[in-house]
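[1] Okay, here's the prediction I keep looking at, along with the sequence it came from:
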Amino acid sequence: MVDDSATYREFLRAELEEDGCHVVAARNADEAVAALEDGGLDCVILDLVMPGTSGTQLCERFDRFRRRRGLFFQIVILTSQEGDDRLTASLTAGADDFVGKSQPMDILKIRLMALLRRKYMVEDHLARLSPPMPSA
């Protein structure tokens, strides 16, 4: 999760961890990129408005990263700027979903779970298509 507001980062962390999620929090693009390169992420939640690199720019960067490496982590834009133009720009930049901060937290959680179900189904399907590794 990437959000420049420490208060909102901690609120969101607590909400998601309450539901059993492991959360890696970043306050800016540099920390987010470092977390991404460490690997193992299922989903990235990006704030749209941050100082320096915008959420849209970071989304484009993350989308290129996952495409180059054949990764299936999901990208969700979570923002207080909920207009149609922001939605369109975010989805065009590679976001898999767009949720307004004005929405109830349950909406974000349900949408995250739906995205993760799809991610895991794709990974499971690809694993079944892969030939077994020869034993040594």
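    Done, it's in.
[2] From now on I want contacts and neighbour counts done on CA atoms only, so please keep to that.
    Noted.
[3] Helix, strand or coil: sort out the spatially most central residue of the chain for me.
    By Cα atoms, centre = their mean, the chain has its centre lying nearest to Val44, at 1.9 Å. Reduced to three states with DSSP: H, G, I helix; E, B strand; the rest coil, the structure at Val44 is strand.
[4] For it, list each beta-bridge partner.
    Counting by DSSP bridges, Val44 forms beta bridges with Ile75.
[5] In contact with it, which residues?
    Met1, Val2, Phe73, Gln74, Ile75, Val76 (Cα atoms under 8 Å, 6 or more residues apart in numbering).
[6] Kindly provide the distance from Ala26 to Met50.
    12 Å (Cα to Cα, to the nearest Å).
[7] and Gly83, how far is that from Ser90?
    11 Å.
[8] ok, now Gly52?
    Counting by Cα to Cα - Gly52 and Ser90 are separated by 17 Å.
[9] Looking at those two, which has the bigger crowd around it?
    In this view Gly52 and Ser90 are compared by other Cα atoms under 10 Å, and Ser90 has more residues nearby, 23 against 10.
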